[in-house]
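**Student:** Please work out how this folds:
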Amino acid sequence: MAGRRRFGGSGDGLTAWPGYVDALSTLLMVIIFVLLVFVLAQAFLSVVLSHRNAALDRLNHQLASLSDMLSMEQAHNTELRVALDQANTALKTAATARDTLAAQLAQANQNSQTEQATIGKQAANLADLAQQVRALTALRDQLQKQAAEAMAKTVTEAQARAAAEQTAAMEKQLGESARAKLALLSQQLDELHAQLAMVQKALDISETEAKAKDVQIANLGSRLNAALAAKVQELERYRSDFFGELRKVLANRPGISIVGDRFIFQSQVLFATGSAALSPEGTDQIDKLAATLKQISAKIPPNIPWILRVDGHADRQPVVGGPWGSNWELSAGRAITVVKQLIAAGIPPNRLAATGFGDTQPLDPANTPEAYAKNRRIEFRLTDR
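**Tutor:** Residues are numbered from 1 along each chain as shown. Now for the predicted structure:
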């Protein structure tokens, strides 16, 4: 036993353990075991029931789907039955039409046989008629031949006499006609001689006038050449003043140079790479150029047709991205931008021209970055229209 309890106080040394205690302990253990089994069974049943509920939900969902499908199939079957009824009706109609067409075909065959027999008879009649026509044609030809021979014998003698008389009359008529024509030709020849003399006289007068006009034209050409030379010299003087003033304003600035009669700005001075929008520094340079041009243009007489041409040039590298489809468009866009800035700075639009040359006029033909940078430029040229 787990423990013992001493009863009595007589000191006899005997101990007693009640038997019901063991029974109660055993009963308690059995009850606890049963409860444990019940709890475990309850938990197991809960799990089983939850699985069964989930499976039942799935089955219900599948049952609903099957019900929907069944409804759809029933509707489809109804439609198929309706279509089948319509097809049967159409089939019956087609069978009736087929029977009608068969009857019509039989009647048409019978009519065709009758018409073929009629056509055969008509063909035989036509053959007889053709034979009769050929016989009549041969008879007509024979009669025409006989009539022609008879007419030839009768007309031969009369024709001989008529021909002789006609020949004599024609010879007489030709002689009189020839003399009349000769007189008419003589008269026309005299008139032509008179007209030729008048034309020659008019030609002499025209040659004299032409020589006088040639002298006048030569004099006018000389005077015009002299005037043009004077205008050119005057424009050259103003061009020299223009470039001289620009040298003073833009002296010793990188990317700007003068080559012959052209004032050259490298593109990197005015624009960013691949762009036709003026940079702040480029705008300042163009404004200074416009101020110098206004000072010089104030001294140029109004009758001199000067113009400042703005030429855009690009390198031969292909344009990648951006709004420009080619170097030609990029160079033209940059030239137009410069012209717009000059107009905004006060230069009259009729004194400006924008031209784009693309990569067709490189300063350096090499394929190096330095050559590409040199070829990307804006040129200014003071010229006449």
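**Student:** low pLDDT regions in the stretch 201-350 of the chain?
**Tutor:** Scanning the stretch 201-350 of the chain for pLDDT under 70 picks out the ranges 224, 226-253.
**Student:** I'd like the next helix or strand past the one helix or strand Glu73 maps to.
**Tutor:** Assigning secondary structure by DSSP states H and E places Glu73 in helix 19-250. Counting by DSSP H and E, the next helix or strand C-terminal to helix 19-250 is strand 256-259.
**Student:** Parallel or antiparallel, which strands does that following strand pair with?
**Tutor:** Strand 256-259 has the following sheet partners, assigned by DSSP bridges: strand 262-266 (antiparallel).
**Student:** buried stuff in the strand it pairs with?
**Tutor:** Neighbour-count burial for strand 262-266, with 16 or more other Cβ atoms under 10 Å as criterion, is recorded at Phe263, Ile264, Phe265, Gln266. For the C-beta atoms, the positions are set from N, CA and C on the backbone; glycine is no exception.
**Student:** can you count the residues close to Leu363?
**Tutor:** Residues near Leu363, counting by other Cβ atoms under 10 Å, number 13.
**Student:** my read: it touches Arg377, true?
**Tutor:** Yes: counting by Cβ atoms under 8 Å, Leu363 does reach Arg377; the two are 7.4 Å apart.
**Student:** What separation is there between Gly221 and Glu207?
**Tutor:** Gly221 is 20 Å from Glu207, where distance means Cβ to Cβ, to the nearest Å.
**Student:** With Ala55 instead?
**Tutor:** Distance, Ala55 to Glu207, by Cβ to Cβ: 127 Å.
**Student:** go on, Gly325?
**Tutor:** In terms of Cβ to Cβ, Gly325 sits 61 Å off from Glu207.
**Student:** what does Thr383 give?
**Tutor:** For Thr383, the distance to Glu207 equals 42 Å [Cβ to Cβ].
**Student:** Same question for Val48.
**Tutor:** Val48 is 136 Å from Glu207, where distance means Cβ to Cβ.
**Student:** what does Thr96 give?
**Tutor:** Distance, Thr96 to Glu207, using Cβ to Cβ: 106 Å.
**Student:** wait, is Val319 part of a strand?
**Tutor:** No: under the criterion used here (DSSP: H, G, I helix; E, B strand; the rest coil), Val319 is coil, not part of a strand.
**Student:** ok, it touching Ser326?
**Tutor:** Yes: contact status for Val319 versus Ser326: in contact at 6.1 Å, counting by Cβ under 8 Å.
**Student:** Report how many residues lie close to Trp324.
**Tutor:** Other residues near Trp324 come to 19 when the count uses other Cβ under 10 Å.
**Student:** Let me know the secondary structure of it.
**Tutor:** Put simply, Trp324 is coil when judged by three-state DSSP.
**Student:** Checking the spatially closest residue to it that is not a sequence neighbour next. Helix, strand or coil?
**Tutor:** Sequence neighbours aside, Leu330 is the residue nearest to Trp324 in space, at 4.2 Å (criterion: Cβ to Cβ, 6 or more residues apart in numbering). Following three-state DSSP, Leu330 is assigned to helix.
**Student:** His193 versus Gln187, what's the distance?
**Tutor:** The gap separating Gln187 from His193 is 11 Å, by Cβ to Cβ.
**Student:** Over to Pro362: give its phi and psi.
**Tutor:** With angles defined as degrees, to the nearest 10, Pro362 sits at phi -70, psi 150.
**Student:** What does the pLDDT read for it?
**Tutor:** At Pro362, the pLDDT value in this model is 92.
**Student:** In contact with it, which residues?
**Tutor:** Applying Cβ atoms under 8 Å, 6 or more residues apart in numbering to Pro362 gives the contacts His313, Asp315, Arg316, Ala371, Asn375.
**Student:** Repeat the analysis, applying 10 Å as the threshold.
**Tutor:** Taking Cβ atoms under 10 Å, 6 or more residues apart in numbering, we find Pro362 in contact with His313, Ala314, Asp315, Arg316, Ala371, Tyr372, Lys374, Asn375, Arg376, Arg377.
**Student:** wait, the first one sits on Asp364?
**Tutor:** No: at 11.4 Å, His313 does not count as touching Asp364 under the criterion of Cβ atoms under 10 Å.
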